[in-house]
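Q: Here is a sequence with its predicted model. Questions after.
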Amino acid sequence: NAGVTQTPKFQVLKTGQSMTLQCAQDMNHNSMYWYRQDPGMGLRLIYYSASEGTTDKGEVPNGYNVSRLNKREFSLRLESAAPSQTSVYFCASSEWVLGTASYEQYFGPGTRLTVT
Amino acid sequence: AQKVTQAQTEISVVEKEDVTLDCVYETRDTTYYLFWYKQPPSGELVFLIRRNSFDEQNEISGRYSWNFQKSTSSFNFTITASQVVDSAVYFCALSDPLAVETSGSRLTFGEGTQLTVNP
């Protein structure tokens, strides 16, 4: 049981290049999320997918697109990378468990992206 | 809009000292959830605790305890007899309360508190 996995772990891009960050979870969770973490700013939500087939913008969606490929996978795409997108990206998933009020988010290990 | 404030950017203590990490939140909603996560130097995020807004009982788990006070909108975290392995960044987070059963749990994070425990 791997939980939430992310690929790649590290990536260096030049300004203007594109790339896709991959995320997969094996916990059968309905909801998935992408966050970015910048020094001194905590984590900020980029996009989320409440369930398969739906995606919505979070706090900082500009410059990103997402695809909920199926229930397991949720990818984040940078179409034209900019230095301001240098950050650590975390994917997460959660599930509402009836009767337990349990829906804490489980996070992947992160992708460290540098845009030069 | 929701907001989480962790006013302590960095805290440094000596092993075995007790330390409290402060978290103050803002929300207009009457039903919400609060969380604490730990981020050790390895970088992963580890869930520590969830607390809902209608349960103000304090919680203790080993050396960890949490004090939730709705009257002051605070959810503070205390580590008793700190250890070097407690060195990490700690995040407090507040959930988006809208239709959480169907819409997931969008989180608003504080900026984090870097805790360093020295031997």
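A: Perfect, I can see it now.

Q: Kindly report the residues of chain A close to chain B.
A: Within chain A, the positions near chain B by CB under 8 Å from any CB of the partner chain are A:30-33, A:35, A:40-45, A:48-51, A:58, A:88, A:90, A:92, A:94, A:96, A:98, A:101-107, A:109-110. (Each C-beta comes from the backbone N, C-alpha and C, glycine too.)

Q: Are any of those buried, and if so which?
A: Buried by 16 or more other CB atoms under 10 Å in any protein chain shown: A:30-33, A:35, A:42-45, A:48-50, A:58, A:88, A:90, A:92, A:94, A:96, A:103-107, A:109-110, out of the residues of chain A next to chain B.

Q: Now do the strands in chain A.
A: Per DSSP state E, chain A carries strands over the ranges A:4-7, A:10-13, A:19-25, A:31-37, A:43-49, A:56-57, A:64-68, A:74-78, A:87-94, A:106-107, A:111-115.

Q: could I get those strands as JSON lines with mean pLDDT?
A: Listed next are the strands of chain A as JSON lines, based on pLDDT from 0 to 100:
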{"stretch": "strand A:4-7", "mean pLDDT": "96"}
{"stretch": "strand A:10-13", "mean pLDDT": "96"}
{"stretch": "strand A:19-25", "mean pLDDT": "97"}
{"stretch": "strand A:31-37", "mean pLDDT": "95"}
{"stretch": "strand A:43-49", "mean pLDDT": "94"}
{"stretch": "strand A:56-57", "mean pLDDT": "92"}
{"stretch": "strand A:64-68", "mean pLDDT": "97"}
{"stretch": "strand A:74-78", "mean pLDDT": "98"}
{"stretch": "strand A:87-94", "mean pLDDT": "95"}
{"stretch": "strand A:106-107", "mean pLDDT": "92"}
{"stretch": "strand A:111-115", "mean pLDDT": "97"}
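
Q: wait, does stretch B:61-77 contact chain A?
A: No. Using CB under 8 Å from any CB, stretch B:61-77 never reaches chain A; the gap is at least 14.1 Å.

Q: Show me what that stretch is in contact with.
A: The contact list for stretch B:61-77, computed with CB atoms under 8 Å, 6 or more residues apart in numbering or on different chains, reads B:20-27, B:34, B:36, B:48-49, B:51, B:53, B:55-60, B:78-83, B:90, B:92.

Q: before we move on, the earlier item: pipe the strands of chain A into a markdown table and attach distance to B:Thr72 per row.
A: Below are the strands of chain A laid out as a markdown table (distance: least, CB to CB, whole Å):
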| stretch | distance to B:Thr72 |
| --- | --- |
| strand A:4-7 | 34 |
| strand A:10-13 | 42 |
| strand A:19-25 | 36 |
| strand A:31-37 | 28 |
| strand A:43-49 | 24 |
| strand A:56-57 | 32 |
| strand A:64-68 | 37 |
| strand A:74-78 | 37 |
| strand A:87-94 | 28 |
| strand A:106-107 | 29 |
| strand A:111-115 | 37 |
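
Q: from the ones you listed, which stretch is densest packed?
A: strand A:31-37 (a mean of 26; mean count of other CB atoms under 10 Å in any protein chain shown).
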